[in-house]
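Participant: With the sequence up front, the predicted model follows.
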Amino acid sequence: MNLITIPPGLETESFVLEADALRHAPEILRKHWGAGPDAWIVADENTWTAAGEKLNAIFEEAGIGRCAPYLFPGRPILHATVEHVDELLAAFPENCVPVAVGGGTVNDLVKRASGVKGVRYCCVPTAPSVDGYTSYGAALNVDGLKKTLPCPAPLAIVADTAVLDSAPPEMFAAGYADLMAKIPAGADWIVVDQLGMEPVRPDVWELVQTPLRDNLSDPADVRRVFMGLAATGYSMQLYRDSRPASGAEHLMSHIWEMENLTFNGDSVSHGFKVSVGTVASTALYEALFSLTEKEARRYAEPGLPRAAREAEIDALLIRGCYGAEAKEIALSKFLEGEKLAERRELIYRNWNALKERTQKQLYPLAELKAMLKAAHCPASPAEIGLESGQYVHGVAAAQLIRKRYTILDLVYELGLSKALLAAL
């Protein structure tokens, strides 16, 4: 059994990664859960075919007790909503080991339901598509707003490379894009570190960022990309927040998801939305720091009074699909008058350091686009069905839905949002 070394202090205790790893699942269940509880496989119809059916047979042959599997439909594409969590909670058997067999959505649904029940679960990923397999928390749509709800990471992960290799190629591309997003997410963390808002935690930073460029170097290496995604999930376990893995690019993705973005009749994957958000975030950084501090001062628009900002927020949220809390969140971080002036001066004082540190972190925009294209990831809005108006609106609206400070807050507080968004 190929057990991957796990950093100390995590909720996840076992991680098997090898070809035909499914055969080790009974041993893993007995090791962590003993002989008492029955395995409860949760999958969708697609992931049941990919791995669930075989795993169920392996459990039967090994004498593992089994509850009736819970299968979500294979079509339409499953979304991570609290309503689906409620479905699982209603069906949750007594004395069971939940076994999530699927991609990021199935994993998040089982993770949250297990967390609510106070039961640890086992994760069997079927595609190298997201970093959420190993993470703390589940990203779910709650009353229209995408939130990360608290819940423990899986106690054990059984990742069969034969299953991962056979996943649709677009799912692997989505995973590569999600891993690439850690580059601009890291730049966002650098900004708040430099401004004294949220210091970079070295052990968490190194877990993600130190191997990141190596993990991105070969867009055909499934194992390397999957290990990079797993490391990112570990970082969220340690940090108890998604800051190490998620920045402005993920907020843009959440906006387009809440708008039910589709392309050619199908929902656009999380990774592909994040891919376009990664390009947008990088483009904003390049445009911002193409300016000198003096130019930034000269081009800055005056800050809005609160009433005008409220009207601006209302206009951005006019579609009404972003949840009831978005406006409250946006206003909670709104600065005006003396406080805004102080914030701008803080940024100006740190201009050169911000420029130097973020440029060192980011890939140049042209290189980034070339890497995404080589991995068959979208690098332009049109490739995921975004028209220019919806694209620019999504970038602006993304600043409203989290208190987390990103490049979007930086350009807004500098009074440069309109000019830089127009340039996108």
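Facilitator: The structure has been received and is ready for your questions.
Participant: hey, let's count contacts and neighbours off CA atoms from now on
Facilitator: OK.
Participant: quick check: domain ranges of this structure?
Facilitator: As recorded under automatic domain parsing, the domains making up the chain are 14-167, 172-198+243-423.
Participant: what's the helix or strand of the chain with the lowest mean pLDDT packed up against?
Facilitator: When each helix and strand of the chain is scored by mean pLDDT, DSSP states H and E, strand 145-149 comes last, with a mean of 88. Secondary-structure packing of strand 145-149 (3 or more Cα pairs under 8 Å, 6 or more residues apart in numbering; DSSP states H and E): strand 138-142, helix 248-258.
Participant: circling back: with distance to Pro8 and mean neighbour count added, can I get the domains of the chain in a markdown table?
Facilitator: Output for these, formatted as a markdown table (distance: least, Cα to Cα, whole Å; neighbours: other Cα atoms under 10 Å):
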| stretch | distance to Pro8 | mean neighbour count |
| --- | --- | --- |
| domain 14-167 | 12 | 20 |
| domain 172-198+243-423 | 18 | 19 |
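Participant: Take these and lay them out in CSV including distance to Ala231.
Facilitator: Formatted as CSV, the domains of the chain follow (distance: least, Cα to Cα, whole Å):
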stretch, distance to Ala231
domain 14-167, 8
domain 172-198+243-423, 10
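Participant: Select, out of these, the one closest to Phe226.
Facilitator: Checking these against Phe226 by Cα to Cα gives domain 14-167 as the closest, at 5.5 Å.
Participant: For stretch 337-355, give the mean pLDDT please.
Facilitator: For stretch 337-355, the mean per-residue pLDDT is 98.
Participant: and Asp108, which of the three is it?
Facilitator: On the three-state scheme (DSSP: H, G, I helix; E, B strand; the rest coil), Asp108 is labelled helix.
Participant: Also Ala39?
Facilitator: Once three-state DSSP is applied, Ala39 turns out strand.
Participant: Kindly provide the distance from it to Ala68.
Facilitator: Using Cα to Cα, to the nearest Å, one gets 9 Å for the distance from Ala39 to Ala68.
Participant: same thing with Asp188?
Facilitator: From Asp188 to Ala68 the distance is 45 Å (Cα to Cα).
Participant: strands paired with the strand or helix carrying Ile157, and their directions?
Facilitator: If you go by DSSP states H and E, Ile157 is part of strand 156-160. Here strand 156-160 is paired, per DSSP bridges, with strand 14-18 (parallel), strand 122-125 (parallel).
Participant: Ok, which of these comes nearest Arg357?
Facilitator: In terms of Cα to Cα, the element of these nearest to Arg357 is strand 14-18, at 34.4 Å.
Participant: Helices of the stretch 151-300 of the chain, residue ranges please.
Facilitator: For the stretch 151-300 of the chain, helices defined by DSSP state H, counting those that start in this stretch occupy the ranges 161-165, 169-180, 182-194, 202-209, 212-215, 222-239, 248-258, 270-288, 293-299.
Participant: do you know which of those helices lies nearest Gly389?
Facilitator: Nearest to Gly389 among those is helix 248-258; the distance by Cα to Cα comes to 12.3 Å.
Participant: Give me the angle between the closest one and helix 182-194.
Facilitator: Between helix 248-258 and helix 182-194, the angle comes out at 120 degrees (axes from the mean of the first three to the mean of the last three Cα atoms, to 10 degrees).
Participant: any idea of the angle helix 248-258 forms with strand 145-149?
Facilitator: Using the same axes, to 10 degrees, one finds that helix 248-258 and strand 145-149 are set 120 degrees apart in direction.
Participant: Run through the neighbouring helices and strands of helix 248-258.
Facilitator: Using 3+ Cα pairs under 8 Å, 6+ apart, helix 248-258 is in contact with strand 145-149, helix 182-194, helix 270-288, helix 388-397.
Participant: Low-confidence ranges, the stretch 251-400 of the chain, go.
Facilitator: For the stretch 251-400 of the chain, no stretch has pLDDT under 70.
Participant: Which residue is the nearest non-sequential neighbour of Trp351?
Facilitator: Nearest non-adjacent residue to Trp351, counting by Cα to Cα, 6 or more residues apart in numbering: Glu293, 6.2 Å away.
Participant: ok, that neighbour touching Tyr348?
Facilitator: Yes: look at Glu293 against Tyr348 with Cα atoms under 8 Å: they come within range, at 6.1 Å.
Participant: What about the closest residue to Tyr239 other than its chain neighbours, how many residues nearby?
Facilitator: Excluding the flanking residues, the one nearest Tyr239 by Cα to Cα, 6+ apart is Val204, at 6.9 Å. Counted with other Cα atoms under 10 Å, the neighbours of Val204 add up to 19.
Participant: For Val204, give me its contacts.
Facilitator: Shown in contact with Val204 (Cα atoms under 8 Å, 6 or more residues apart in numbering): Ser235, Leu238, Tyr239, Pro244.
Participant: Out of the residues you listed, which two sit at the greatest distance?
Facilitator: Top of the distance list for the contacts of Val204 (Cα to Cα): Leu238 and Pro244, 9.8 Å.
Participant: mean confidence score for stretch 214-226?
Facilitator: 94.
Participant: what comes up buried for that stretch?
Facilitator: Asn215, Leu216, Pro219, Val222, Arg223, Arg224, Val225, Phe226 (16 or more other Cα atoms under 10 Å).
Participant: got a markdown table for these, with distance to Phe272 too?
Facilitator: Compiled in a markdown table, the buried residues of stretch 214-226 are given as follows (distance: Cα to Cα, whole Å):
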| residue | distance to Phe272 |
| --- | --- |
| Asn215 | 18 |
| Leu216 | 16 |
| Pro219 | 15 |
| Val222 | 17 |
| Arg223 | 20 |
| Arg224 | 19 |
| Val225 | 15 |
| Phe226 | 16 |
